[in-house]
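In: curious how this folds, go ahead:
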Amino acid sequence: MSNAKVRLSSKEQELVINADWILTKNAVIQKLYTFFGQVSEQYQSMIQQNPALANEAACAIAPKISKGENYEGLPWVMLDYPRYFKGNDFFAVRCFFWWGNHISITLQLSGKFQTFYSNAIQQYFQLRNGNPHPTHEWFLGINMEDAWQHHFRPDNYRPAAEVNPALIQQLPFIKLAKKIPLDEWDDIDFFLQHSFKEILHVLTNQ
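Out: The predicted structure is shown next:
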């Protein structure tokens, strides 16, 4: 006879017998799916109004929304559009909801896309002194080894205003990101639209 026994703390036991919290969590994730679908439609419309990017290969691929349960132990929902991942050539704008943390938007470029756009990105930040923002500043990815981390700890991102724009030419891939805390929920739609518009300006140097 097995002597195995699972012991739960009082808090864990309270959660185990209460289904409401997990049903609420599932409802939130579904709302994020719907919301990101609406955001993707807005992004597609903005791309079509930008002649410099309307014919870009990454913009011709349909948006993709995905979800998971375990980014550093927490649920997430992600929208990729534009999106192009082939070999070492990446071009993506990624919106990332991370439970308990934030929503972020990231421009990610490598390979031929990095070569094509890096000068425009460097010039954009040089002309704007790092483009400091009073609340939602840009961060530059400094993680040279792992392109798929989404946290904003100092080993992964640094504020763009603190980085010499010349570093952009030396990176193995480019990641520019912003985040908004979840307690600013009512501002998230504006944040994602405004940040995407900024990304289009960065890429076209307008």
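In: hmm, residue 122 is touching residue 169, no?
Out: Yes: counting by CB atoms under 8 Å, residue 122 does reach residue 169; the two are 6.5 Å apart. Any C-beta I mention is one placed from the backbone N, CA and C, and that applies to glycine too.
In: which parts of this protein are strands?
Out: With DSSP state E, the ranges of strands along the chain come out as 64-71, 74-86, 89-98, 102-110, 139-141, 157-159, 174-181.
In: so what are the sheet partners of the fourth one and their directions?
Out: Using DSSP bridges, the strands paired with strand 102-110 in its sheet are strand 89-98 (antiparallel), strand 174-181 (antiparallel).
In: please apply the same query to the fifth one.
Out: Partners of strand 139-141 in the sheet, by DSSP bridges, are strand 157-159 (antiparallel), strand 174-181 (antiparallel).
In: ok, residues contacting it?
Out: Residues outside strand 139-141 that contact it (CB atoms under 8 Å, 6 or more residues apart in numbering) are 147, 152, 156-160, 163, 167-168, 171, 173-179.
In: quick one, what contacts residue 202?
Out: The neighbourhood of residue 202, defined by CB under 8 Å, 6+ apart, consists of 107, 120-121, 124, 176.
In: please tabulate the strands of the chain in CSV and include mean pLDDT and distance to residue 28 as additional columns.
Out: What follows is the strands of the chain, written out as CSV (pLDDT from 0 to 100; distance: least, CB to CB, whole Å):
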stretch, mean pLDDT, distance to residue 28
strand 64-71, 96, 11
strand 74-86, 97, 9
strand 89-98, 97, 9
strand 102-110, 97, 12
strand 139-141, 94, 26
strand 157-159, 94, 26
strand 174-181, 96, 16
